[in-house]
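>>> Give me a model of this one.
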Amino acid sequence: MWLKLPLLQRYIFAEVFRVFAFVLFCITVLLVFVGIFQQATESGLGAGQALTIIPYVVPSMLPFTVPAALLLTVSVVYGRLTGDQEIIAAKSAGIHPLSLMWPSFALGAVLSLGTLFLTDQVIPWSMLKIEQHILSFMEDIFMERLRTEHHFSDPGHGLLVTVESIEGNVLKRPTFRYTKKQRVCTLQAEEAQIDLDAEAQTLSIKAWNGWIDIPGQVCGWFVERGELIRWDNVKQRQNPRDLPIALIQEALEKMESRRELQNQQAALEACFSMTMADFSGLAQRCGLRMKDFGRDRKQGFRFNTEIHNRYAMACSCFFFVLLGTPFSMRFGKSQYLTSFLLCFLPIVCGYYPLLLGITTQAKKGAIPPEFCMWIANILLAIAAWIVIRKVIRY
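Model prediction:
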């Protein structure tokens with residue numbers, strides 16, 4: 001099949017692919033180290049621990065690096081072809097300009113499919129692996145932060161630990177404060193040892209010679225005591241970005257079936273309450289049900305928006321190259337970097353802010369994501385159609 005392609009198209013495709021691979025490698029390497037530094041800083045990872053998550057950070061960067069690298073590639077390749085008068089020579093030989101563009105269009109379409117596979121399958125898997133690695137390092141991070149900063153704070157779980165010093169694995173004069181259901185539990189001791197299970201979200205404490213204050217349960221001195229702190233009061237919310245599309249659609253179907261079941265139960269409860277004249281109880285149950293309904297509705301908006309956002313973002317590779325290729329042929333000449341900036345800056349200042357604003361409104365349920373998520377791509381297609389007409393005419 002490759003040998004049946006015309007020589008000129010094979011040459012252009014090889015140039016586009018070669019430059020794209022080099023540009024993508026450079027951009028990804030730079031962004032990966034920035035991403036690892038940020039992840040390490042936020043999670044307290046060391047250098048060796050951060051290096052272990054490199055293979056899982058790369059996929060999460062590719063949906064952002066691939067479109068930019070592809071746009072820079074077509075600006076370089078087609079800008080050079082225009083500057084060397086190869087486009088004019090091909091048109092003089094009777095070759096239609098669209099036949100010179102389709103190698104980049106084909107690569108953009110393939111990369112769009114690859115990006116969709118990344119966002120749907122690879123990135124959820126890589127995010128899970130990153131979380132598992134961080135959890136496996138959590139106890140080391142916990143002890144290292146206590147050893148260097150003498151305190152550890154996790155406001156999300158209501159945990160605060162301060163120590164005077166650490167000798168081996170023994171905490172000297174530690175203070176544990178744990179907030180649960182608006183109650184502050186405090187434990188102070190002369191010495192303590194801890195066992196952190198981040199995956200099960202538990203913290204086992206064995207303390208000697210101290211004071212404990214648990215509101216409503218115990219308050220006083222102790223010689224030796226063991227305590228287990230559970231973080232089960234924290235509600236785990238599913239992030240749609242970490243789920244494949246199939247699981248998101250399954251979650252939406254469960255929400256819909258649960259909503260129908262709640263409507264049936266509400267009708268039965270209303271009949272019984274009206275029969276027994278229990279209007280206050282009916283109003284209370286209706287209020288609770290409306291809260292559950294509103295929470296499911298908001299989550300449904302987020303899940304539905306995520307599905308259409310993935311398709312639109314993945315197809316951005318094709319629409320970027322659809323505009324970038326004729327733009328470079330029209331205005332590139334030998335200044336391909338200028339062509340890249342003239343094409344990329346409006347995309348950065350217009351495409352991504354527009355897509356971000358539409359996504360935010362769609363997650364709130366203000367606009368339907370089925371069409372609105374494609375507005376930015378449609379605008380790129382219109383601009384590409386205008387530029388392609390000028391390339392063909394002139």
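>>> okay, now the closest residue to R145 other than its chain neighbours: neighbour count?
Beyond its immediate neighbours in the sequence, the residue positioned closest to R145 (Cβ to Cβ, 6 or more residues apart in numbering) is F152, lying 5.1 Å away. For glycine as for every other residue, the C-beta is placed from the backbone atoms N, C-alpha and C. Other residues near F152 number 18, with proximity taken as other Cβ atoms under 10 Å.
>>> hey, where'd the strands end up in the protein?
Listed in chain order, the strands of the chain (DSSP state E) span residues 151-154, 159-162, 165-167, 170-172, 175-180, 183-197, 202-214, 218-230.
>>> quick one: buried residues of the last one?
Across strand 218-230, burial judged by 16 or more other Cβ atoms under 10 Å covers R225, E227, I229.
>>> Look up the closest residue to the last one, ignoring the ones flanking it.
Same thing as I229. Leaving aside its chain neighbours, I229 sits nearest to L203 (4.3 Å; criterion: Cβ to Cβ, 6+ apart).
>>> Could you save the strands of the chain as CSV and add columns showing mean pLDDT and distance to E144?
Conversion of the strands of the chain to CSV gives the following (pLDDT from 0 to 100; distance: least, Cβ to Cβ, whole Å):
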stretch, mean pLDDT, distance to E144
strand 151-154, 78, 10
strand 159-162, 83, 13
strand 165-167, 83, 10
strand 170-172, 84, 13
strand 175-180, 81, 18
strand 183-197, 81, 12
strand 202-214, 81, 16
strand 218-230, 76, 20
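>>> Could you dump the ones you listed into JSON lines with distance to R389 added?
Shown next, in JSON lines, are those (distance: least, Cβ to Cβ, whole Å):
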{"stretch": "strand 151-154", "distance to R389": "59"}
{"stretch": "strand 159-162", "distance to R389": "63"}
{"stretch": "strand 165-167", "distance to R389": "71"}
{"stretch": "strand 170-172", "distance to R389": "73"}
{"stretch": "strand 175-180", "distance to R389": "64"}
{"stretch": "strand 183-197", "distance to R389": "64"}
{"stretch": "strand 202-214", "distance to R389": "65"}
{"stretch": "strand 218-230", "distance to R389": "66"}
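>>> Please name whichever of those strands is nearest to F318.
Between F318 and the strands of the chain, the shortest separation by Cβ to Cβ is 43.4 Å, and it involves strand 151-154.
>>> now what about that closest one, what contacts it?
F142, R145, L146, L159, L160, V161, T162, V163 (Cβ atoms under 8 Å, 6 or more residues apart in numbering).
>>> List buried residues within these.
F142, L146, L159, L160, V161, T162, V163.
>>> How many neighbouring residues does F22 have?
Neighbours of F22 under the rule other Cβ under 10 Å: 13.
>>> Where does pLDDT dip in the stretch 251-394 of the chain?
262-292, 294, 332-340 (pLDDT under 70).
>>> try 50
Scanning the stretch 251-394 of the chain for pLDDT under 50 picks out no residues.
>>> how far away is the most centrally placed residue in the chain from F303?
Of all residues in the chain, the one closest to the mean position by Cα atoms, centre = their mean is R241, 5.2 Å from it. Distance, R241 to F303, by Cβ to Cβ, to the nearest Å: 11 Å.
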